[in-house]
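Asks: Give the three-dimensional model of this entry:
(chains A and B)
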Amino acid sequence: KQEVTQIPAALSVPEGENLVLNCSFTDSAIYNLQWFRQDPGKGLTSLLLIQSSQREQTSGRLNASLDKSSGRSTLYIAASQPGDSATYLCAPFDQGGKLIFGQGTELSVKP
Amino acid sequence: DAGITQSPRHKVTETGTPVTLRCHQTENHRYMYWYRQDPGHGLRLIHYSYGVKDTDKGEVSDGYSVSRSKTEDFLLTLESATSSQTSVYFCAISEFGTVQETQYFGPGTRLLVL
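Replies: Now for the predicted structure:
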């Protein structure tokens, strides 16, 4: 059974810092991997999808990498802003298109 | 944002009552999913559909059934609601197997079972 772990569980940083969120998964036979953010009381917003043939994907200040063989993905956020405060969720796809979620990293960016 | 709506957005019901949640999409995506989100458990898949009338179970399907008679609608039914089904329910859609595989989520339904 696929298990997804996200470290750290919570992170508080001052505005402007670059930061890295980590995601590990136990079964490397994943199809793709998706990163989301969730604001309190809200739904999930897709940030990046990394296909299994890719090693990284970039969108604005976000960069996500994927190493299937080691069961790891990282989300890099450059020049963090208070508006980046949210919970970040990592979710690998299995071959049937189903997502398995980690517990998330709760990020707080202080002005 | 992907065109996904969920109804109702909030519901309070009593134990033993049947409840149906609706997910409606305007994107014509083939795949639709129902998840629940609970503190300490994160998001878990309940059921999913890969086409009209084609559905399958997820990780936590006991006590739930689904139906999909049209591409745009995916219904989740709690046959006899229990307090353990108090949760936030999210619907999602995707075009898995194509170049548009990103999974998009609806705004959620908060269900309280008393």
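Asks: Does chain B have contacts with stretch A:6-20?
Replies: No - figure legend: stretch A:6-20 not in contact with chain B (C-beta under 8 Å from any C-beta of the partner chain); closest approach 9.4 Å. Heads up, the C-betas are built off the backbone N, CA and C, glycines and all.
Asks: ends of that stretch, how far apart?
Replies: Its start and end residues considered, stretch A:6-20 measures 11 Å (C-alpha to C-alpha, to the nearest Å).
Asks: Check stretch A:67-81 too.
Replies: 27 Å.
Asks: and if you look at stretch A:8-17?
Replies: 16 Å.
Asks: what residues does that stretch touch?
Replies: By C-beta atoms under 8 Å, 6 or more residues apart in numbering or on different chains, the surrounding residues in contact with stretch A:8-17 are A:19, A:21-22, A:79-82, A:103-111.
Asks: ok, B:Tyr35 - contacts?
Replies: By C-beta under 8 Å, 6+ apart, the contact list for B:Tyr35 reads B:43-46, B:58, B:89-92.
Asks: Give the next helix or strand downstream of the helix or strand hosting it.
Replies: Using DSSP states H and E, the element containing B:Tyr35 is strand B:31-38. As assigned by DSSP H and E, the chain's next helix or strand after strand B:31-38 is strand B:42-51.
Asks: Name the nearest residue to B:Gln6, ignoring sequence neighbours.
Replies: Residue nearest to B:Gln6 in three dimensions, not counting chain neighbours: B:Gly106, with 4.4 Å by C-beta to C-beta, 6 or more residues apart in numbering or on different chains.
Asks: The one you found is in contact with B:Cys91, isn't it?
Replies: Yes - using C-beta atoms under 8 Å, B:Gly106 is in contact with B:Cys91, at 4.2 Å.
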